[in-house]
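J.: the sequence and its predicted three-dimensional model are supplied below.
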Amino acid sequence: MNVKVQDLMAKRVITAEPHHTVHHVRGLMRRNRILAVPVVGPNKEPVGIVTSSDLVDDLKARTPISNLMTTDVFKVPAYNDVQVAARIMRKHRIHHVVITHEQKLVGIISSFDLLRLIQDNSFMVKGPTLARKTRARTPAQKRARATARKAVGT
């Protein structure tokens, strides 16, 4: 599979700013049926991310999300292969990766997007088939094998 991140990412990204409140971000997630909201700075650069698991605790509605957002945002350039995003998600046990172009947010990929890619391409077989492997034989081994076949009658 040679699918690029930009081919799979969600291009319409719902974002928040660091001063937005927990109440505001919960509303965004509920209305848009999403589980993660990237937090962007003034130049649309990702500065954090808030996920549904960040909002599980009993937080005050007026708490700014800058107090609870994850600031170690994993970013993948839009031109990369999806394997890069998948590797990051698996290595760090996360479900969302922010997609950038020239340091600006342009999309987001979730683990569900990767699963959809696998499901949609499940009919394609990549790599060698399950045929029996043959090992390299020397000329003497080939002659001995041929002689044995003649003796058996096959």
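T.: Nice, thanks for sending it over.

J.: contacts and neighbour counts: CA atoms only from here.
T.: Will do.

J.: can you tell me which helices and strands the lengthiest helix in the chain packs against?
T.: Counting residues, the longest helix found in the chain (DSSP state H) is helix 139-152. Helices and strands touching helix 139-152, as assessed by 3 or more CA pairs under 8 Å, 6 or more residues apart in numbering; DSSP states H and E, are absent.

J.: what pLDDT does Q119 get?
T.: As summarised for this prediction, Q119 has a pLDDT of 83.

J.: that one: which element?
T.: Using DSSP states H and E, Q119 falls within helix 111-120.

J.: go on, R12?
T.: Assigning secondary structure by DSSP H and E places R12 outside every helix and strand.

J.: what sits against it?
T.: G107 (CA atoms under 8 Å, 6 or more residues apart in numbering).

J.: also S66?
T.: 18-20.

J.: just those residues: which are in strands?
T.: With strands defined by DSSP state E, no entry of the contacts of S66 lies inside them.

J.: most neighbours among those, please name it.
T.: With neighbours taken as other CA atoms under 10 Å, the top of the contacts of S66 is P18, carrying 19 neighbours.

J.: now that residue. Nearest residue, chain neighbours left out?
T.: Of all residues not flanking P18 in the chain, S66 sits nearest, at 4.7 Å (CA to CA, 6 or more residues apart in numbering).

J.: how close does that neighbour get to I118?
T.: 35 Å (CA to CA, to the nearest Å).

J.: over to T21?
T.: 36 Å.

J.: who has more neighbours, these two?
T.: Between T21 and I118, counting by other CA under 10 Å, T21 is the more crowded of the two (19 against 13).

J.: and V97, what element?
T.: strand 96-101.

J.: mind giving me the packing neighbours of that strand?
T.: By 3+ CA pairs under 8 Å, 6+ apart, strand 96-101 packs against strand 75-77, helix 82-92, strand 104-110.
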